[in-house]
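> no sequence for this one, just the structure:
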């Protein structure tokens, strides 16, 4: 299902952060919103996700969204594995199968078996970021929205996560925000300046 953004304008007080923005996204592919800070990239992700409705214009397509926020928003009382699996367990799936799939995803993101049972406070900042990305990827939505996915990651983990994001973009629409021109997932993506 395609996602259509028509003439979206957004103000914070008297400051306009998005002005008459329109774009037509297909049902899959990798897109990155680019531009200086304060240009409305995160705001646009929040509008697409339905978290901000105080704007003029329209967003159509009725696509379900999974959003990676800039702050990790992990559950402190759950392990890395549980933080990822929880987004599917509530959908009535076989819990053992869900945890196995979540573990497979985390292991592909450079986690060890031991890391899966650690709570967020026992993980490094980069591991927490990878857990948050894994949770966003694991949620079965039509659109994957990623706000600064590569922050706190070293080059090796950026490359690993980039491969995961590129694979996801072959199955569904992925829209990312990044200030880093060298983010590996931006190679081959469509860049949308704001």
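Perfect, thanks for sending it. Bear in mind the structure is a predicted one, so any value in this text is a computation, not a measurement.
> In space, not sequence, find me the middle residue of the chain.
In the chain, the C-alpha nearest the mean C-alpha coordinate belongs to residue 146, at 2.6 Å (CA atoms, centre = their mean).
> can I assume it sits in a strand?
Yes - Residue 146 forms part of a strand when assessed by DSSP: H, G, I helix; E, B strand; the rest coil.
> could you give me the average pLDDT of the helix or strand containing residue 97?
Taking DSSP states H and E as the definition, residue 97 sits inside helix 95-108. Averaged over helix 95-108, pLDDT sits at 94.
> isn't the residue nearest to the centre of the chain right next to residue 177, touching?
Yes - counting by CB atoms under 8 Å, residue 146 touches residue 177, with 7.0 Å between them. In this view, the C-beta of every residue, glycine as well, is placed from N, C-alpha and C.
> just so I have it, where are all the strands in the chain?
Remark: strands assigned in the chain by DSSP state E are 3-12, 15-25, 29-34, 56-60, 65-68, 143-147, 173-177, 190-193.
> Out of those strands, which is the most enclosed?
strand 173-177 (a mean of 25; mean count of other CB atoms under 10 Å).
> Return the angle between stretch directions for that one and strand 143-147.
10 degrees (axes from the mean of the first three to the mean of the last three CA atoms, to 10 degrees).
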